[in-house]
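[1] Below are the sequence and a predicted model; questions follow.
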Amino acid sequence: MALRIWLARISLGALAALLALPALGCGSRSARGEVNSSRRLGERQLELGNRQADRGDFEGALFFIDEALLQGVLADDAGLRARAGLSRGNVLFYLRRQDEAEAVWADALAEAGRSGSRELLALARVHIARGRLLSPGGGAHAAAVRDEVAADRALLRGRGFVAFSWTVTARAEAELGRFAEAEAAARQSLRIHERNRQLELAAFDWFSIASFRSRSGDFAGARQALEASIALDRRVENSWGLASSWRAMGDVETRAGNPAAAAAAYARSAEIFAAMGDAAAAEESLSRSP
């Protein structure tokens, strides 16, 4: 399964993981009970930005996330600034603007320190470790990233934060060629997302499991996992996830030696991307057809 597709969905999944999480360092009301309008607006903008990113609209995501950062500055809220920075770094990383992403994550780490939240500091470190893992040559850091994330996971209380850390662990295990361990880690994330009824994120977990199975040569298992991912994305009408999974299905069928099934999967992926207005992605799917 192509790395770029896995990168796309893990970046999006990481962004979406911040949606249902505690607003660390960002109360919605003051001591007197008045509405803190800057913070509330910032939280709403961050939610919208994460949602746009999870649907593949990265320019729209940056617009809303930058608005969230602005409200964090206006309220001088380090927690909001940190979480918005983590989201912004994720989008930039997916857009291949790696140097910018790393600088934004570094700023977010500093803001997390100012917030006084050990949990937010740990979350920022997990994001930075994931960026290191997914960078060119990052596989050489897989064992260190796995161990670092395990240590930081002990500081995470929010279930969504914990789930995100397991997705990073899963990727690290896969880079080490430990595909059974990678799937076990992804299933830890899957259990949390299913319990929280976060179906888009559960779909991403199945997508990851499909990748691990495909890389280990279990094409039937990869096909089953992608079918589970597609079923969930259909329920929430996540077009980006559907198009990505159908493209990955084409990759699996190609590796399994089923050219007709691969061509059909690539065509379906291209149709969805085209309907989304992403002609380049549609062309990429079709270009893989045998």
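    Ah, there it is.

[2] Please identify the buried residues of stretch 54-72?
    For stretch 54-72, burial by neighbour count (16 or more other C-beta atoms under 10 Å) applies to 54-58, 60-62, 64-65, 67-72. (Each C-beta comes from the backbone N, C-alpha and C, glycine too.)

[3] same check, this time on stretch 206-218
    Those would be 206-214, 216, 218, for stretch 206-218 by 16+ other C-beta under 10 Å.

[4] Need the CA coordinates for the helix or strand hosting N90. CSV is fine.
    Following DSSP states H and E, one finds N90 within helix 78-94. Extracted in CSV, the C-alpha atoms of helix 78-94 (Å, rounded to 0.1, in the frame of the first residue of the first chain):
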residue,chain,number,x,y,z
ALA,A,78,-1.3,28.8,25.8
GLY,A,79,-3.4,25.6,25.7
LEU,A,80,-5.5,26.7,22.7
ARG,A,81,-2.4,27.9,20.9
ALA,A,82,-0.7,24.6,21.5
ARG,A,83,-3.5,22.4,20.3
ALA,A,84,-4.1,24.7,17.2
GLY,A,85,-0.4,24.6,16.5
LEU,A,86,-0.4,20.8,16.6
SER,A,87,-3.3,20.7,14.1
ARG,A,88,-1.6,23.3,11.9
GLY,A,89,1.6,21.3,11.9
ASN,A,90,-0.2,18.2,10.8
VAL,A,91,-1.8,19.9,7.8
LEU,A,92,1.5,21.4,6.8
PHE,A,93,3.2,18.1,7.1
TYR,A,94,0.7,16.4,4.8
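
[5] what is the rounded mean pLDDT of it?
    For helix 78-94, the mean pLDDT works out to 95.

[6] Can we start the residue count at 15 from this point?
    Got it, first residue is 15 now, which makes that one helix 92-108.

[7] Check the offset of it from the chain's centre.
    Chain-centre distance of helix 92-108: 12 Å, with C-alpha atoms, centre = their mean, to the nearest Å.

[8] picking that back up, next, format the buried residues of stretch 220-232 as CSV and append distance to L134.
    Listed next are the buried residues of stretch 220-232 as CSV, based on distance: C-beta to C-beta, whole Å:
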residue, distance to L134
W220, 29
F221, 27
S222, 25
I223, 29
A224, 32
S225, 29
F226, 29
R227, 34
S228, 35
S230, 35
D232, 38
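
[9] Among those, which one sits closest to A196?
    Within these, proximity to A196 (C-beta to C-beta) peaks at F226, which comes in at 4.5 Å.

[10] doesn't A199 make contact with the closest one?
    No - in this structure, F226 is not within contact of A199 by C-beta atoms under 8 Å, at 9.4 Å.

[11] In this protein, where is pLDDT below threshold?
    Low-confidence segments of the chain, defined by pLDDT under 70: 15-50.

[12] The same query, at a cut-off of 80, please.
    Low-confidence segments of the chain, defined by pLDDT under 80: 15-50, 68-70.

[13] Helices of that one, residue ranges please.
    Using DSSP state H, the helices of the chain run over residues 17-30, 51-68, 72-89, 92-108, 112-129, 132-148, 156-167, 173-189, 193-209, 213-229, 233-250, 253-270, 273-289, 293-301.

[14] Pull out the buried residues from the second one.
    Across helix 51-68, burial judged by 16+ other C-beta under 10 Å covers 52-57, 59-68.
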